[in-house]
Every structure is written in structure tokens, then in C-alpha cells.
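Engineer: Predicted structure and sequence below. I'll ask about it afterward.
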2 protein chains.
Amino acid sequence: MDDRQALASFSALSQETRLQVVRTLVVAGQDGLAAGSIAEGLDVSPSNLSFHLKELGHAGLISQRRESRSIVYSASYDALADLVKFLMEDCCSGHPGIRASLERSEECCDGSTKSQEATVA
Amino acid sequence: MDDRQALASFSALSQETRLQVVRTLVVAGQDGLAAGSIAEGLDVSPSNLSFHLKELGHAGLISQRRESRSIVYSASYDALADLVKFLMEDCCSGHPGIRASLERSEECCDGSTKSQEATVA
DNA sequence: TCAATAGTACAAGGATCGTTGAAGTATGGA
DNA sequence: TCCATACTTCAACGATCCTTGTACTATTGA
């Protein structure tokens, strides 16, 4: 991931509604959610949500597909992982200990959504 | 880390000059760098840099101390690590596989700056 | 105390962002 | 074909952000 894309991603995530959208879609999983469902869940106007979805799309953090009348959005897990990596590389380059500190917080994956097993390649 | 702080951090990092400042300070290590050195390295006016340093300070991503005439800035590694964690929790909550994908990129810590050993607590 | 150095603070401007409401586009059913 | 549904696009406006230059503050040395 290059700086340009990282900047776009940070910018996209620096807005409350958009951060909530991403979280909602991440939790929703691969199936995604229709724009209407997201708007309802977050209590945002369709027009406003559409604006923010476009921003997230530009940053590459979400993708969309049409499904009958609805447009279904889903999180781009790869892009999110790339962003984590980008951030970690910037951290690590001066302070390797951070990785250790991160590895101690394994709980994040073992708790709530145990729907998919980790595909350790 | 709560949403408010994450939003502030993302916002701070969504600007090119500030991203470069953070990277510069991360590479500089615990000793930090004087404002003047940063300004020189990045070719930004003192006044403009000061503005961006304040933003980064508000977000908690850097800290400062006076040293004679200079004001020395350094990266807040804890805040950066918290941000990585925040992002990973949002990712993982729908997609545990990401952690695996991240663990495959260990190289990031083993390369360039081997100045400090990882303090695996 | 005076001058030089190192930064910060402030004001003004242009640029970008976020919200709103109204109008436009695609899909599906009667 | 006509209407309803599900979204998106557009224009307008206020709010915020970034840059620039000038003024101000703190520290040091003569």
C-alpha cells in the first residue's frame, strides 16, 4: 500500500458516520448489507449515506454489487488488513516492541463472532 | 481506545505532511527531533509545521519537551500501537483470518532499524 | 540589556468537507 | 405502461481545514 492510498483510507475513517459504516459492514461479513439497511441501522438519510459510501468506495475500503433493487455493500477486508500493515510498518520501523504488545491482545479474535475459523495458510 | 480518539488519530494521519512527520519521528526513536530539524527535513515552513505538530499533539500521537531553545518532539508509540489495535479489532470482529495474514508479514520488524530488541514481556 | 535564535500564535484567504433537500436513474410488480 | 421502491446525483450553503505571512514569546549569549 502506498502513501496515497493510506492517506485516502485514513481520511475515509476520520469521519464518525463512515467509521460506523465500516464497522457495521465488517460485522455483517462477506454477505454485506443493502444501503437501506445501513442507513436504517445508523439513522442517516439515504442521500447522506450515499455520499459517505462513495467516499469509502474511493478509498477502496468497501465494495458494492447490485442485487435486484438494492445495492449491497461489503467491507474490503484486504484493504483493511493492508492498512493495519501500513500502520504497523510505520510503528515497527522505530520500535519493534510494539508487535510484542500487539501479540499479547489475541483476545480480539476469540471472542464475539466465531463464525469463521481462521484460515491459517 | 475509544472512537473519539480513533477518529482524531485517523484525522491527524489523513494529511500528507502530518503522516510524514509521524514517520520521521517514529524513525527518529525515543530521542525525538527538534521542530527545526523536522521542518528542514520535510521542507515545510516553521509556522506550517507548528500547525501540524499541534494537530498531532491533540490527537495524542506525539509528545513534546523543551530542550534549551529547541522544542523536541517524539512519537507516542503507545498511541500508535493503540490505533493498530483499534483497527485490528474492527477487522477481526468479522474476519479472524486477517490476523493470520498479518502474522505472515513478520519481516517488517527484522529489517532496517535493529537498534532496540523487542521487549517481549 | 540587546540582539539572535527557535518556535508558537494569530488573522485572513482559499480550498475542501459534510449536510440537506430536490431531482434523476434503475429495477420490479401490477 | 405506470407506479413504487431503492438509491444516487446535484446544487447550495455553512463549517472546517490548510497555507501564508506577520507578530509574539522563550531562551541564550554578548
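Structural biologist: Cool, got the structure. Numbers count the residues shown, from 1 in each chain, chains lettered A, B, ... in the order given.
Engineer: contacts, neighbours, all on C-alpha from now
Structural biologist: Fine.
Engineer: which ones are touching the closest residue to A:A6 other than its chain neighbours?
Structural biologist: The shortest distance from A:A6 to any non-neighbouring residue, by C-alpha to C-alpha, 6 or more residues apart in numbering or on different chains, is to A:L83 (6.6 Å). Listed by C-alpha atoms under 8 Å, 6 or more residues apart in numbering or on different chains, the contact set of A:L83 reads A:M1, A:A6, A:S9.
Engineer: Could you do A:I62 as well?
Structural biologist: A:V22, A:L53, A:L56, A:Y73, A:S74, A:A75, A:S76.
Engineer: Quick check: helices, which of those residues are part of them?
Structural biologist: A:V22, A:L53, A:L56 (DSSP state H).
Engineer: just to revisit the earlier point, which of the contacts of A:L83 lies closest to DNA strand C?
Structural biologist: DNA strand C has its nearest neighbour among the contacts of A:L83 in A:S9, at 11.2 Å by C-alpha to the nearest atom of the strand.
Engineer: and the angle from the helix or strand where the closest one lies to helix B:3-13?
Structural biologist: Secondary structure from DSSP states H and E places A:S9 in helix A:3-13. If you take axes from the mean of the first three to the mean of the last three C-alpha atoms, to 10 degrees, helix A:3-13 sits at 150 degrees to helix B:3-13.
Engineer: Not counting its own residues, what contacts helix A:3-13?
Structural biologist: Contacts for helix A:3-13 (C-alpha under 8 Å, 6+ apart): A:18-19, A:55-56, A:58-61, A:83, A:86, B:7, B:10-11, B:13-16.
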